[in-house]
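S.K.: Below are the sequence and a predicted model; questions follow.
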Amino acid sequence: AASRRAAGPGRLPRLGVRLAAVGALATAAVVGVTVLQSGGVDEQGRPAPVVPGIPAGPVANASELLERAAQSAEARPFTPPRPDQWVYTESRSRRGDTPNGPLSDDPADTRTNRSWTRADGKVIALMENGRLEQVPLAAGTMPPSDYASLAKLPTDPDALLKWVYAGMGGLGETSEGRYSTAYGTLSAILRDNVLPPRLEAAVFRAIKKIPDVTLVEGRVDMAGRQAIALGRITEGYIHEEILFDPKTYRYLGERAVAIKDHSTRGEDGTLSFRKGDLMRLTVQVKTGIVDEAGQRP
């Protein structure tokens, strides 16, 4: 059976259910990221918003960025899929030169991932060696990865965060493990899914309630596609980041960066990174609703 979201041979697991409880947290507050809009200017010569009702101009902190992302989600038109329709997701991931090392510095070293998940949560279709393969989708995953289950989640941020904490098990035994796992779980909900706007907004507002989430200074270059980011330090040496479009504040993807040298021995060999190494980069290219597996919106 195929995995729901394989990260590639030997690659670190993505944000989410496999985040372990972590030790001491090193934090660095970063503020003052400037967001340049392309919506023109208003009658007073001030930047005009791209999304009506959402201010243009600088984002002062992570909370403000997340609130603009929530408002942007609420403003988008949305038609929920029928149970027999499929949620299509397309993303690009940077490759690594070795299974347990940093990613390539060359933006051209990317692979495209495409998947189709039935909205009723029964089947997922993946491209395997150029062929479309359909396999049953495992039930009861945390977090859920199908539209039917996601649509049942709370749309109140406090209730959503309470649901996340209730599903942690042993990963929430320490306060840091609790916060890191919550951040990872909410990030995973954003990834590779089409969400109801109210739920997507609730995810952003729930992340606002997790301590030590800060803006990333400057822009992130994703193979020529600019983004702004926020993130949180996990496991003492990884900065786990969520990427946003700097004009519309839509979710764009995720990346992980080593903030200090780290080496550890695991089942797959020695995992080794140096400060500044890119450990993971996944960019969401397109999502949509289609009538058949294999179609693209």
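M.R.: Looks like it came in fine. Numbers count the residues shown, from 1 in each chain.

S.K.: going forward, measure contacts and count neighbours with C-alpha atoms only.
M.R.: Noted.

S.K.: Okay, helices next: where are they in the stretch 151-297 of the chain?
M.R.: Assigned by DSSP state H, counting those that start in this stretch, the helices in the stretch 151-297 of the chain fall at 157-166, 175-190, 197-207.

S.K.: Make TSV out of those helices and add distance to Arg95.
M.R.: What follows is the helices of the stretch 151-297 of the chain, written out as TSV (distance: least, C-alpha to C-alpha, whole Å):
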stretch	distance to Arg95
helix 157-166	31
helix 175-190	20
helix 197-207	28
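
S.K.: Of all those, which one is nearest Phe78?
M.R.: Each of those has some distance to Phe78 by C-alpha to C-alpha; the shortest is helix 197-207, at 7.2 Å.

S.K.: Report the inter-axis angle for that closest one versus helix 157-166.
M.R.: Interaxial angle, helix 197-207 versus helix 157-166 (axes from the mean of the first three to the mean of the last three C-alpha atoms, to 10 degrees): 70 degrees.

S.K.: Export the helices of the stretch 151-297 of the chain to CSV and append columns for mean neighbour count.
M.R.: Shown next, in CSV, are those (neighbours: other C-alpha atoms under 10 Å):
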stretch, mean neighbour count
helix 157-166, 17
helix 175-190, 23
helix 197-207, 24
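
S.K.: can you tell which of the ones you listed is closest to Val283?
M.R.: helix 175-190 (11.8 Å).

S.K.: Who does Glu254 form a beta bridge with?
M.R.: Applying DSSP bridges to Glu254 yields these beta-bridge partners: Ile242, Thr282.

S.K.: isn't it right next to Leu281, touching?
M.R.: Yes: taking C-alpha atoms under 8 Å as the definition, Glu254 is a contact partner of Leu281 at 5.9 Å.

S.K.: how far away is Ser63 from Tyr147?
M.R.: Using C-alpha to C-alpha, to the nearest Å, Ser63 is found at 27 Å from Tyr147.

S.K.: And these two? Which one has more around it.
M.R.: Regarding Ser63 and Tyr147, a neighbour count based on other C-alpha atoms under 10 Å identifies Tyr147 as having more, with 23 against 19.

S.K.: Distance of that one relative to Thr141?
M.R.: Relative to Thr141, Tyr147 is positioned 13 Å away (C-alpha to C-alpha).

S.K.: Name the residues of stretch 117-136 that come out as buried.
M.R.: The neighbour-count check on stretch 117-136 (16 or more other C-alpha atoms under 10 Å) flags Thr117, Arg118, Ala119, Asp120, Gly121, Lys122, Val123, Ile124, Ala125, Leu126, Glu133, Gln134 as buried.

S.K.: among the helices of the stretch 151-297 of the chain, which is nearest Gln226?
M.R.: Gln226 sits nearest to helix 175-190 of all the helices of the stretch 151-297 of the chain, at 18.9 Å, using C-alpha to C-alpha.

S.K.: what mean pLDDT does that closest one have?
M.R.: Here helix 175-190 scores 91 as its mean pLDDT.

S.K.: angle of that helix against helix 197-207?
M.R.: Calculated by the same axes, to 10 degrees, helix 175-190 forms an angle of 160 degrees with helix 197-207.

S.K.: In the stretch 1-150 of the chain, where is pLDDT below threshold?
M.R.: Counting by pLDDT under 70, the stretch 1-150 of the chain has low-confidence residues at 1-53, 55, 99-100.

S.K.: Kindly recompute the last result at 50.
M.R.: 1-39, 41, 44-46 (pLDDT under 50).

S.K.: My guess is Ser187 contacts Tyr251. True?
M.R.: No: at 10.0 Å, Ser187 does not count as touching Tyr251 under the criterion of C-alpha under 8 Å.
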